[in-house]
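*Asks:* output the structure for:
(4 chains)
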Protein chains: 2
Amino acid sequence: MPTRSPRSRHPEAPRQATIRDVARAARVSVATVSRALNDSGPVRDDTRRRVRDAADNLRFTPHGGARSLITSRTNTLGVLLPDLYGEFFSEIIRGIDRSAQRAGYQLLLSSARNAHDEVHGAFRAMYGRVDGLVLMAPDVELAELFAQHRDGTPIVFINSPVTSPDARVITIDNHGGAYHMVRHLVRKGHRRIAIIRGADSNHDAAERLRGYREALDDCGLQSDAQLELQGDFSEGAGYRAARAVLKLRPRPTAIFAANDAMAIGALSALGEEGVAVPNEIAVAGFDDIPIARYVSPPLSSVHVPIAQLGERAMDLLLGAVTGPDEGAVRRVVLPTTLVIRKSSP
Amino acid sequence: MPTRSPRSRHPEAPRQATIRDVARAARVSVATVSRALNDSGPVRDDTRRRVRDAADNLRFTPHGGARSLITSRTNTLGVLLPDLYGEFFSEIIRGIDRSAQRAGYQLLLSSARNAHDEVHGAFRAMYGRVDGLVLMAPDVELAELFAQHRDGTPIVFINSPVTSPDARVITIDNHGGAYHMVRHLVRKGHRRIAIIRGADSNHDAAERLRGYREALDDCGLQSDAQLELQGDFSEGAGYRAARAVLKLRPRPTAIFAANDAMAIGALSALGEEGVAVPNEIAVAGFDDIPIARYVSPPLSSVHVPIAQLGERAMDLLLGAVTGPDEGAVRRVVLPTTLVIRKSSP
DNA sequence: ACCCAGGGTGTAACCGTTTACACCCAATCT
DNA sequence: AGATTGGGTGTAAACGGTTACACCCTGGGT
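*Replies:* Coordinates of the predicted model:
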């Protein structure tokens, strides 16, 4: 086999310039180039200029891998989410990116449905390539799995049921949000309030259900298994659950969906069936994703500062990555607030 | 300064194991470890087993940087988007991730508003850390900038006006989509159709405007500068533009927004003013983002296969990265289709 | 009995950076 | 004048993998 020519289509295009090429062009040693380019040591002004010029001319870009090999820092942070679908994750990523960008870090992104192996694989693939990791695993067992994985690289958990006291974890007030929303509905006169639940294994879902039950209880209302419909946070699930609600007798006068996607699915089922919202049935969701205000009728929801959730998670991680954070706060719970729109009186 | 202890909180936690540690534990050379773990050479079965066991025990994870240094492959692909806000980008990322995951590649994500320096910086930061790059730069000048940046790493452009014939670029049929939507409105009897434009520098926006004008022309209608309102693809812009439309005399009977976000902003302005949609004014958008069907009234739009756009872009890139793609297709135009819902008759 | 093929393994060079250390030299201090 | 500083620079050793090459050894062919 003949020596592969470096670039066939554009024969003039040279291989990526290395620090040695720059050194040769500037007539200095590689050490000086490194110092000049990183301001990491004393360099005479005119030398510095010569080096900078040479680097520009050759379009020199330091090889990240080589650098991270010796410094053992990658300047990259990993983000592992259960999914990338829907506005919730889009907002989270946005918050994460904002914070990372501000600190000059790159983002290595991966999604893995909550299948055990898939998450584990993605995790392994990232490990060593990143200085730290933001991990969202509302699925219970996974959180357990990673809690013990305490090597060097710091991890921040989002919305994950990690009990270990020195784990860094940021969550939202799921219980309180659900509790207040249900109390609000009761105050408005509702007595039969259905809930569309999330998946059993999902910690957020479980907390929201707990809030729902506790609110009913505190209001002196019977909780009723019939009123707790199964769901999985998808629009389709909300759609189906709402249809099931319509068959219940006596019919509930309110539906509380454990997230907005399901609430929107429910709205669309009710619309198809000609059921008036909120007059015949009131609907409320959870998350307050940006579109909630635009659906018809505008959706009441428990507002979650989603982008902030990502941003704060990243801030926590940055704190751990850029130095010891012994004294720093390790557990953050973001408050939720009620947003009442036309879908509930 | 005393020698920094490797890990203060968990003194037993050892530093990340290297290939040499594994070699020692398995009583073989590093070469054999490498061969055994990568199946890259002959190794006796029991040796292989010994090595695998040792690697597992030590939780060995190869250092990506070191590997990419010698192999000059990173197993990572870069994604550079103008923004991360809104459902459009969320869908794009989802498509990109799906394709990359299938091929076993990692994703390095960055966003950079179309400010020249910002994009350039993000670009530089990625260079050398990735095997290839998906770049979305609807802003004209940027596309020019990168078209000349033809070093080794392949680039795929999404929705960017790159004219160079050997650039890999994937776009959607902006012109055709707009053209057909406007013709549809005319066919339904509209004679005064306003458009809410995107930013001038945005190529997609320009193409959609061109489609609008051409459709009017082909239908024998005068185009009218008054009817072309400025916008920037944001909800707020749509909101303001719709208010301006209401002041025009004679009042237009239809608004065509150059994207859905602006259409939704327009709907909300019209709602506030008590203008009936579609009876008094019809509204149509572009992109058909997932929520379009849930707004009130459901929004007519030009459907764009957004996730597919990301997926196909990544496929194109993977083709270029995994081998020479001399014969492969370099330009893809995805078709758009009309989706008529209640916001337009 | 000898040669040869080829599977299995080890040695060491290499990838592109950073940085400890040694060195030179002019300026300043005694 | 000689010693001392310290700024500016170069040399070379890491970092953790991959892989060309050399080597050993066993078994089959002559």
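*Asks:* where do the strands sit along the stretch 201-345 of chain A?
*Replies:* A:228-229, A:254-257, A:282-287, A:300-303, A:331-334, A:337-339 (DSSP state E, counting those that start in this stretch).
*Asks:* what about residue A:52, which SS state?
*Replies:* Three-state call for residue A:52 (DSSP: H, G, I helix; E, B strand; the rest coil): helix.
*Asks:* thinking again about what came up before, what's the most buried one of the strands of the stretch 201-345 of chain A?
*Replies:* Neighbour counts (mean count of other CB atoms under 10 Å in any protein chain shown) averaged over each of the strands of the stretch 201-345 of chain A peak at strand A:254-257, with a mean of 30. Just so you know, the C-beta spots here come from the backbone N, C-alpha and C atoms, and that holds for glycine as well.
*Asks:* other residues contacting that one?
*Replies:* The contact list for strand A:254-257 (CB atoms under 8 Å, 6 or more residues apart in numbering or on different chains) reads A:178, A:181-182, A:185, A:190, A:192-196, A:212, A:231, A:238, A:241-242, A:245, A:263, A:265-266, A:281-286, A:344.
*Asks:* who's in contact with stretch A:76-83?
*Replies:* Here stretch A:76-83 makes contact (CB under 8 Å, 6+ apart) with A:89, A:92-93, A:96, A:100, A:105-114, A:119, A:122-123, A:126, A:129-139, A:314, A:317-318, A:321, B:108, B:129.
*Asks:* restrict the residues you listed to those near DNA strand D?
*Replies:* When contact is defined as CB under 7 Å from any atom of the strand, the contacts of stretch A:76-83 do not meet DNA strand D at all.
*Asks:* next up, the contacts around the residue in the stretch 201-345 of chain A that DNA strand C sits nearest to.
*Replies:* Going by CB to the nearest atom of the strand, DNA strand C is nearest to residue A:322 of the stretch 201-345 of chain A, at 15.0 Å. Listed by CB under 8 Å, 6+ apart, the contact partners of residue A:322 are residue A:103.
*Asks:* state the pLDDT value of it.
*Replies:* Per-residue confidence (pLDDT) for residue A:322: 84.
*Asks:* cool, residue A:22 as well?
*Replies:* pLDDT, read off for residue A:22, is 96.
*Asks:* quick check: which element contains it?
*Replies:* Assigning secondary structure by DSSP states H and E places residue A:22 in helix A:19-26.
*Asks:* buried residues in that helix, which are they?
*Replies:* Under the neighbour-count criterion of 16 or more other CB atoms under 10 Å in any protein chain shown, helix A:19-26 has A:19, A:21, A:22, A:23, A:24, A:25, A:26 buried.
*Asks:* what mean pLDDT does stretch A:89-101 have?
*Replies:* If you average the pLDDT over stretch A:89-101, you get 92.
*Asks:* just stretch A:131-138 next, same as before
*Replies:* Rounded mean pLDDT across stretch A:131-138 is 89.
*Asks:* for the residue of chain A found nearest chain B, which non-adjacent residue is closest in space?
*Replies:* Closest approach between chain A and chain B, counting by CB to the nearest CB: residue A:296, at 2.5 Å. Sequence neighbours aside, residue B:296 is the residue nearest to residue A:296 in space, at 2.5 Å (criterion: CB to CB, 6 or more residues apart in numbering or on different chains).
*Asks:* and the spatially most central residue of chain A, what element?
*Replies:* What sits nearest the mean C-alpha location of chain A, by CA atoms, centre = their mean, is residue A:92, with 4.1 Å. Per DSSP H and E: residue A:92 is located in helix A:87-103.
*Asks:* that helix vs chain B: in contact?
*Replies:* Yes - against chain B, helix A:87-103 shows contacts by CB under 8 Å from any CB of the partner chain at A:87, A:89, A:90, A:93, A:94, A:97, A:101.
*Asks:* please export the C-alpha coordinates of stretch A:64-80 as PDB.
*Replies:* Below are the C-alpha coordinates for stretch A:64-80, written out as PDB (Å, rounded to 0.1, in the frame of the first residue of the first chain):
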ATOM      1  CA  GLY A  64      -7.300  19.000  23.500                       C
ATOM      2  CA  GLY A  65      -6.500  15.400  24.100                       C
ATOM      3  CA  ALA A  66      -2.900  16.000  24.500                       C
ATOM      4  CA  ARG A  67      -3.400  18.900  26.800                       C
ATOM      5  CA  SER A  68      -5.900  17.000  29.000                       C
ATOM      6  CA  LEU A  69      -3.500  14.100  29.100                       C
ATOM      7  CA  ILE A  70      -0.900  16.100  31.000                       C
ATOM      8  CA  THR A  71      -3.100  18.500  32.900                       C
ATOM      9  CA  SER A  72      -5.700  15.800  33.700                       C
ATOM     10  CA  ARG A  73      -8.400  18.400  33.100                       C
ATOM     11  CA  THR A  74     -10.700  18.200  30.100                       C
ATOM     12  CA  ASN A  75     -12.500  21.400  30.400                       C
ATOM     13  CA  THR A  76     -15.600  19.400  29.600                       C
ATOM     14  CA  LEU A  77     -18.600  18.500  31.600                       C
ATOM     15  CA  GLY A  78     -20.900  15.600  31.000                       C
ATOM     16  CA  VAL A  79     -24.700  15.800  30.900                       C
ATOM     17  CA  LEU A  80     -26.700  12.600  31.100                       C
END
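*Asks:* look up how far residue A:342 lies from the closest residue to DNA strand D within the stretch 201-345 of chain A.
*Replies:* Scanning the stretch 201-345 of chain A for the residue nearest DNA strand D gives residue A:321, at 18.0 Å (criterion: CB to the nearest atom of the strand). Going from residue A:321 to residue A:342 by CB to CB, to the nearest Å gives 45 Å.
*Asks:* more neighbours: those two, which one.
*Replies:* Ranked by neighbour count (other CB atoms under 10 Å in any protein chain shown), residue A:321 and residue A:342 place residue A:321 first, with 21 against 16.
*Asks:* hang on, that one packs against residue A:154?
*Replies:* Yes - counting by CB atoms under 8 Å, residue A:154 is a contact partner of residue A:321 at 6.1 Å.
*Asks:* contacts only, for the closest residue to residue A:154 other than its chain neighbours.
*Replies:* Once flanking residues are discounted, residue A:154 sits nearest to residue A:320: 3.8 Å by CB to CB, 6+ apart. Residues near residue A:320 by CB under 8 Å, 6+ apart: A:132, A:154, A:156, A:168, A:328.
*Asks:* between those residues, which sits nearest DNA strand C?
*Replies:* Closest to DNA strand C, out of all of those and judged by CB to the nearest atom of the strand, is residue A:132, at 19.0 Å.
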